[in-house]
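> With the input below, show me the fold.
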Amino acid sequence: MITVVGAGTGAPVPADVLAGAALVVGGQRHLDAVRLPQGAQRVVLGPLAPALDTVARYTGAGLPVVVLASGDPGFFGIVRALAERFGAAALDVRPGVSSVAAAFARIGLPWDDAVVVSAHGRDPRTAVNVCRARPKVAVLTGPGAGPAELGAAVPADRVLVVASALGDPERERVERVTPAEAAARDWGTAVSVVLCLDGTEVPGAVRTVAGTPGSPARWALAEEEFAHRDSMITKFEVRALALARLGPRLGDLVWDVGAGSGAVAVECARLGAAVVAVEKSADGVERVRANAAAHGVRVDVVHGTAPQALSALPDDPDAVFVGGGGRELPAVVTACARRARRTVVVAMAALDRVPAAREALTAAGFRCDGVLLQSSRLAPLPGDVTRLAATNPVFLLWGERAAASSEGVAQ
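Residues are numbered from 1 along each chain as shown. This is a model prediction of the structure:
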C-alpha cells in the first residue's frame, strides 16, 4: 500500500501515518519536517521516474510506502502519476488543504468560480492567456513561470496576489501587487500560488457548477446583437464558419485584425479565448470596446493599422482572423502567418484578392483551403408571404499550420 499524505499548508503529518513505513518519499522540506520511523529509507523527490522505480521495488516486496506531497496531492499533484503507475486501488490518499484553497482563504474570497491553471513545468503562455480572459484565476507556478513572468505579461489592470510558503508560520507571506511590481521583483523559490484578479474582488453570484463557465448556448450571433456602422460587420453565416476554423478556446490567444465592429473578437472571447482586436479607426475602437462590454467579455483593443501595428503585439497568437486589409491584404496576411501558431482565417468580399492571400498563406507553410459563401435569408413580403433575400457573397480562406503546437487548456 502507498499512503499519500498532503502536507505543507499548516497541518502536521500524523505520526501514525508514518509508523511502520519502510520508505518515505517527498520534497526536501516535507522530509525535514517529519521524524522518520527507525530504519525507514527516504527519497528526496527530484526527477519523478527514478522515485517511482524506487517505490515499485518496495511495493513489489510488500513493504509499506509513504509519499509526502504539498496540499491536496490529487489536485495537480502526484496522485495522478502514482495511480497511472500502480493503480488507484494501491493508494490511500490523505489530502491536505490545497495551496489554491489556502490562498483564497487568506484573502477572504470564495474560489468555486475561479479557473485554476498550472504553469509548473509548462509553457506559461496558456496561464497568461487564461489570466487575460478570466477575472479570477489561480496559477500554480514553477521555474520560469512565476510572479515576475506573469506580471510582465498579464494586463496592467489586474491585481496579483502572491502567496508564498503557505502553512509555514514563520515564512508565510500573502502580498497584493500590481503586475509591474511583480515583474520587477525576484520572488525566490517559496511561491506557492499566484492569484490573478480583475481588481473588483466581489464574491460573485451563487454557482451551480464550479470553475470556468461552460461554452455559451449560442454563437454566430445575429448582427443586431452588435453595434455596427452601415452594416459593416461580418455576417453571422460567415462568422459561424470562421469560428469553426479558428477554434477559439480557453488558454488560446486570438487576433482579430481589421476588427470593425469586433463581432468576431467578441465571439472568440465568449468561447474563452484571450483576444486582441486591431482596428484603424478611432470610432471603430470605441465600438469594439462597447460591444465587448455589452457581452460581458474582455477584448484588448489596439488602435492602429495593419500590418504595421502587428509588430508591436508582444505575443504570438494561436489563431488570427483577418477581416480587413484592402490593398494591404497580402502584407497583412503574411505578417499574421509569420506569427500564428495554428490558424489564419481571412474573409474577403473582393474575389481578386483571393490568389494573393492564398499565396501568402502557402508561402508561410500553411495548408490552405477556402469556400465562397452565398446565403439567402428569409424576408417577409406584404400579404404574409416570404421571399429569399441574398446577402453579399464572401470568400472565406483559411490556412492551418502543418505542425500546429498550441497546448491549450482543453488538451
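> Centroid-nearest residue for the chain?
Ranked by distance to the mean C-alpha position of the chain (Cα atoms, centre = their mean), the top residue is residue 251 at 2.3 Å.
> Assign a three-state SS to it, would you?
Taken by DSSP: H, G, I helix; E, B strand; the rest coil, the conformation at residue 251 corresponds to coil.
> And it, how close does it get to residue 69?
Taking Cβ to Cβ, to the nearest Å as the measure, residue 251 and residue 69 are separated by 25 Å. Just so you know, the C-beta spots here come from the backbone N, C-alpha and C atoms, and that holds for glycine as well.
> Give me the neighbour count for residue 377.
13 (other Cβ atoms under 10 Å).
> Can we start the residue count at 43 from this point?
Okay, using 43 as the starting number, the last item reads as residue 419.
> where does it sit relative to residue 362, distance-wise?
Counting by Cβ to Cβ - residue 419 and residue 362 are separated by 28 Å.
> same check, this time on residue 66
Computed as Cβ to Cβ, the residue 66 to residue 362 distance reads 51 Å.
> List the neighbouring strands of the helix or strand encompassing residue 440 plus their orientation.
Assigning secondary structure by DSSP states H and E places residue 440 in strand 436-443. With DSSP bridges as the test, strand 436-443 is paired with strand 385-390 (antiparallel), strand 408-415 (antiparallel).
> for it, which positions count as buried?
When burial is assessed from 16 or more other Cβ atoms under 10 Å, strand 436-443 yields the following buried residues: 436, 437, 438, 439, 440, 441, 442, 443.
> what's the pLDDT at the closest residue to residue 409 other than its chain neighbours?
Ranked by Cβ to Cβ, 6 or more residues apart in numbering and with sequence neighbours excluded, the top spatial neighbour of residue 409 is residue 442, at 5.1 Å. Reading off the confidence values, residue 442 has pLDDT 96.
> Residue 451 now?
47.
> circling back to that earlier point, tell me the most buried of the strands paired with strand 436-443?
The highest mean neighbour count among these belongs to strand 385-390 (a mean of 27), with neighbours defined as mean count of other Cβ atoms under 10 Å.
> which stretches of the stretch 343-453 of the chain aren't confidently modelled?
367, 445-453 (pLDDT under 70).
> all helices for it, in order.
Along the stretch 343-453 of the chain, the stretches classed as helices by DSSP state H, counting those that start in this stretch are 371-381, 396-405.
> Could you check how far residue 195 is from residue 181?
Residue 195 sits at a distance of 11 Å from residue 181 (criterion: Cβ to Cβ).
> Which one of those two is surrounded by more residues?
Legend: neighbour count by other Cβ under 10 Å for residue 195 and residue 181, higher for residue 181 (30 against 18).
> Quick check: the more buried one is in a strand.
Yes: when the secondary structure is assigned by three-state DSSP, residue 181 falls within a strand.
> Now do the same contact list for it.
When contacts are counted by Cβ atoms under 8 Å, 6 or more residues apart in numbering, residue 181 is found next to 159, 160, 161, 169, 172, 173, 187, 192, 235, 236, 237, 238.
> okay if I get these as a markdown table plus secondary structure, neighbour count and distance to residue 104?
Converted to a markdown table, the contacts of residue 181 look like this (DSSP: H, G, I helix; E, B strand; the rest coil; neighbours: other Cβ atoms under 10 Å; distance: Cβ to Cβ, whole Å):
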| residue | secondary structure | neighbour count | distance to residue 104 |
| --- | --- | --- | --- |
| 159 | strand | 24 | 40 |
| 160 | strand | 18 | 34 |
| 161 | coil | 23 | 39 |
| 169 | helix | 30 | 42 |
| 172 | helix | 26 | 44 |
| 173 | helix | 29 | 47 |
| 187 | strand | 23 | 40 |
| 192 | helix | 25 | 46 |
| 235 | strand | 25 | 38 |
| 236 | strand | 29 | 42 |
| 237 | strand | 26 | 44 |
| 238 | strand | 29 | 47 |
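> still on that earlier bit, give the residues shared as contacts by residue 195 and residue 181.
residue 173.
> List just the nearest of the contacts of residue 181 to residue 79.
For residue 79, the nearest member of these is residue 235. The distance, counting by Cβ to Cβ, is 31.6 Å.
> Quick check, that closest one in contact with residue 184.
No: here residue 235 does not reach residue 184: they are 11.0 Å apart, not a contact under Cβ atoms under 8 Å.
> one step back: could the strands paired with strand 436-443 go into JSON lines alongside distance to residue 429?
Output for the strands paired with strand 436-443, formatted as JSON lines (distance: least, Cβ to Cβ, whole Å):
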{"stretch": "strand 385-390", "distance to residue 429": "26"}
{"stretch": "strand 408-415", "distance to residue 429": "20"}
